[in-house]
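Enquirer: have a look at this prediction, sequence included:
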Amino acid sequence: MSRDNIVIRDITPADNKEIAQVIRDVLVELGAPKVGTAYEDKTLDCMAETYSKPKAAYFVVSSNEKVIGGAGIAQLDNCDENVCELQKMYFLPEARGLGLGEKMINTCLDKARELGFEQCYLETLPYMKAATKLYTKVGFKSLKEPLGNTGHFSCNVWMIKRL
């Protein structure tokens, strides 16, 4: 895949179906549980609307107008602190290994700073080693317990980064 055709942009309602399918396909590919992960989130089929609220944003990565990945940020649920959560960051196999993960994280963190967040939190699964390695590379630190209450009880790796 050529990097020349790759664009990171704000999600639009026209992207909803494609990004929902990307996320579900990647979770199935990685053997993630369907229960207690993003797979069963009610918001998955209406992502543009979900992230149109204040202090939230979702970005898609497209290549030749095909959505190949995405990630977003929003206030961490059930957390009184000024903490956002890096949410629903998934890429199809053809989007991996191109540096898009780091580029996407930086896009999300820049937006989080712009929105006034002080920290960014994330949850992942222990066998998502490449993702965890990337999160560490960009400055996320491991936590011993979760923050807030995302409802993703199957995700038991928790990390945070000061912005």
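Expert: Nice, thanks for sending it over.

Enquirer: quick one: the strands in this structure?
Expert: Assigned by DSSP state E, the strands in the chain fall at 6-10, 56-63, 66-75, 83-91, 119-124, 141-143, 157-162.

Enquirer: tell me the contacts of the most centrally placed residue in the chain?
Expert: Centroid-nearest residue in the chain: Met89, 2.7 Å away (criterion: CA atoms, centre = their mean). By CB atoms under 8 Å, 6 or more residues apart in numbering, the contact set of Met89 is 69-72, 101, 104-105, 108, 122, 131. Yep, even glycine has a C-beta here, placed from its N, CA and C like the rest.

Enquirer: buried stuff in the helix or strand bottoming out on mean pLDDT in the chain?
Expert: Lowest by mean pLDDT, DSSP states H and E among the helices and strands of the chain is helix 129-137, with a mean of 92. Neighbour counts over helix 129-137 (16 or more other CB atoms under 10 Å) mark 131-132, 134-135 as buried.

Enquirer: show me the shaky parts of the protein.
Expert: Low-confidence segments of the chain (pLDDT under 70): 1-4, 151-154.

Enquirer: how near is the nearest residue to Lys53 once chain neighbours are set aside to Glu85?
Expert: Sequence neighbours aside, Ala74 is the residue nearest to Lys53 in space, at 7.5 Å (criterion: CB to CB, 6 or more residues apart in numbering). Ala74 sits 6 Å away from Glu85, taking CB to CB, to the nearest Å as the criterion.

Enquirer: of those two, who's got more company?
Expert: Neighbour count, other CB atoms under 10 Å: between Ala74 and Glu85, Glu85 has more, with 26 against 22.

Enquirer: name the residues linked to the more buried one by a beta bridge.
Expert: Beta-bridge partners for Glu85, by DSSP bridges, are Ala74, Tyr121.

Enquirer: residue contacts, the residue nearest to Lys53?
Expert: 51, 53, 55-57, 84-85, 87.

Enquirer: so which of those residues comes closest to Glu40?
Expert: The shortest approach to Glu40 among the contacts of Ala74 belongs to Gln87, at 14.3 Å (CB to CB).
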